[in-house]
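>>> The sequence and its predicted three-dimensional model are supplied below.
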Amino acid sequence: MLTGRWLPATVVVSALALSSCTTPSAPDRQTGPDRTNMVLADGYEPETLNPLLGFGEEGASKLFDGLVEHRADRSVRAALAAEVPMPSPDGKTWTVKLRTDVKFHDGTTFGSEDVVATYRAVLDPAFASTVRANYSMVTAVDADGPSTVRFTLAYPYAPFAHRLVLGILPSEALAQPGPLERSPFNTKPVGTGPYKLTEWRKGERMVMEANDDYFLGAPKVRKLTVVFATDDNTRAQRMRAGEFDGTSLPPLYANGMSDVKNVQVIKHSSADYRTVVMPMANPVTGDRAVRLALNYAMNRQGMIDALLGGRGKPASTPIPQALPEFVEPSAQFRYDKAEAARVLEQAGWVLGGDGVRARGEQRAVFTLMYPAGDSVRKDLAQAFASDAKAVGVEVKLEGLGWEAIEPRMGADALVLGGGNPFDPDLKAYPLLHSSFAANGFNNPGSYRNQQVDAALDAGRRETDPAQRVAYYRQFQRAYAADPGMVFLVFLDHTYVVRDGWTGYQEVVDPHTHGLTWGPWWNVQTWVPRG
């Protein structure tokens, strides 16, 4: 996730130049005319490399391929599938013909048994796949010979092709049912992707080397080294020093790199939202009036200007501007402190002498958590608390590790990130449908609204494009009348990239970026220059 400080750009630039800290030694970065070795820095390290536990959920994982992959225009094209799959006339059967020229990294042949094993493991509770809920519409996965797979759905599901980006595992890795979190595959993966893992020093770096047998041709960038450096300032300084060929940085930090020779600052639009989850079990955030008022109380554009250097867009729902036809204009919250105060007063929240409202014995006070290492979420949390205080709601901030945050998500508010630009169902449904209540990071606040549920259910089952648009706009209107969260911004992602390659294509990023998306989403097609 991108991060930033509530500081003027000049202060940030000065910080880059003056601050110092102890960092691990950098790996050798190949310089000069041979750019076959690329060193990238990432602020976040994956916990697992298993697609069934969420790795590369939007595709572009470098180690794995799905049956399809996303193009730069956000449509899908065939990957392990021989052609883009299409549904049967009733929308309940998807038949996928597979390529016959694909091998896994260990040299074994890819076939229908691997696809069937992967998706059956997703559906089987014994494997405890964290993406299982995303495939609730699938009732059966069967092989029809060595190179054809048939998916049977319980109902027509319009965006099913987007669910087929899931990385395929070899069937041998799934031969014994059991919780995947204990699988050695998580750290020693075998995929079909353009790169294969050769080293993972946890907390330090990951090394991937080109798969010479890749079915679309061996990558010209032969080696990718990913250095894990969580601190934004550290990554910026090391990038400036020439240790890295690229990294993601908060906008104000990235702007401070514009004077570095042979380096480009790149901005991507994204569907990556930041929202404040308002748990229904909390006596303050569970009150509709408080949630509605805080949506009016937020100066979203002010946050974007001050914290993101203007690089972002206001958010009121999870539907991004990357899907303009689905955006409902009437569901966008304006900045209106007077309306926020009116809503609170009408609901009986009376302003006290200390500037904090109360209703009876209940004071308008709640805790907002954010991951301590994420400076953008910290800054947004502080801005949220400031805007809330201006209308009489006190927000206590806690920066914590995820291990402390997760057990408390049902009771305390949280700055949450997510989103993708491919289809509104993919994030809106698990985030806000009642069937996903308290399902990990899916609807962690247990929001429930019958009208929202009905519109989301209709939208995912509808196959007519115009009617789907109507249902998702209906969903947003119902949500805006009873918001379960306070959406703040859609971030622009900013990157710093050293010159030396051709092949870059701009994309609209999902929430997951870094090496998987961002400038390097198609690095396997890049060609060293010179």
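Looks like it came in fine. Residues are numbered from 1 along each chain as shown.
>>> mind checking how far residue 387 is from residue 340?
The gap separating residue 387 from residue 340 is 9 Å, by CB to CB, to the nearest Å. (C-beta placed from N, C-alpha, C; glycine too.)
>>> what touches both of these two?
294, 297 (CB atoms under 8 Å, 6 or more residues apart in numbering).
>>> contacting residues for residue 303?
Residue 303 makes contacts with 312, 380, 383, 488, 489, as judged by CB under 8 Å, 6+ apart.
>>> Repeat that for residue 497.
Contact partners of residue 497, counting by CB under 8 Å, 6+ apart, are 245, 246, 263, 264, 266, 504, 519.
>>> In a markdown table: those residues, plus secondary structure, distance to residue 458 and pLDDT.
Shown next, in a markdown table, are these (DSSP: H, G, I helix; E, B strand; the rest coil; distance: CB to CB, whole Å; pLDDT from 0 to 100):
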| residue | secondary structure | distance to residue 458 | pLDDT |
| --- | --- | --- | --- |
| 245 | coil | 47 | 95 |
| 246 | strand | 43 | 95 |
| 263 | strand | 48 | 94 |
| 264 | strand | 44 | 94 |
| 266 | strand | 39 | 94 |
| 504 | coil | 40 | 95 |
| 519 | helix | 38 | 94 |
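>>> for the residues you listed, which one is nearest residue 526?
The closest of the contacts of residue 497 to residue 526 turns out to be residue 504 (CB to CB; 7.3 Å).
>>> measure the nearest residue to that closest one once chain neighbours are set aside to residue 509 for me?
With sequence-adjacent residues excluded and distances taken as CB to CB, 6 or more residues apart in numbering, residue 504 is closest to residue 519, at 5.6 Å. Distance, residue 519 to residue 509, using CB to CB: 10 Å.
>>> Same check on residue 198?
According to CB to CB, residue 198 stands 27 Å off from residue 509.
>>> just the buried members of the contacts of residue 497?
245, 246, 263, 266, 504, 519 (16 or more other CB atoms under 10 Å).
>>> TSV please, covering those residues and showing distance to residue 187.
TSV is the format used below for the buried ones among the contacts of residue 497 (distance: CB to CB, whole Å):
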residue	distance to residue 187
245	25
246	25
263	33
266	31
504	30
519	26
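>>> Closest one to residue 192 out of those residues, please.
Among the buried ones among the contacts of residue 497, residue 519 lies closest to residue 192 (CB to CB), at 23.2 Å.
>>> I'd assumed residue 494 was in contact with the closest one.
No: counting by CB atoms under 8 Å, residue 519 sits too far from residue 494 to count as a contact (10.5 Å).
>>> For the two, list the residues in contact with both.
Common contact partners of residue 519 and residue 494 (CB under 8 Å, 6+ apart): 266, 268.
>>> The residue lying farthest from the centre of the chain and residue 338: what is the separation?
Most distant residue from the mean C-alpha position of the chain: residue 353, 42.2 Å away (CA atoms, centre = their mean). For residue 353, the distance to residue 338 (CB to CB) stands at 21 Å.
>>> Count the neighbours of residue 338 for me.
When neighbours are counted by other CB atoms under 10 Å, residue 338 registers 9.
>>> Doesn't it belong to a strand?
No: under DSSP: H, G, I helix; E, B strand; the rest coil, residue 338 sits outside any strand and is assigned helix.
>>> if I look at it, how far off is residue 92?
Distance, residue 338 to residue 92, by CB to CB: 51 Å.
>>> now, among the buried ones among the contacts of residue 497, which is nearest to residue 120?
Nearest member of those to residue 120, counting by CB to CB, is residue 519, at 35.6 Å.
>>> Return the residues in contact with the closest one.
By CB under 8 Å, 6+ apart, the residues touching residue 519 are 246, 266, 268, 495, 497, 504.
>>> All set, thanks.
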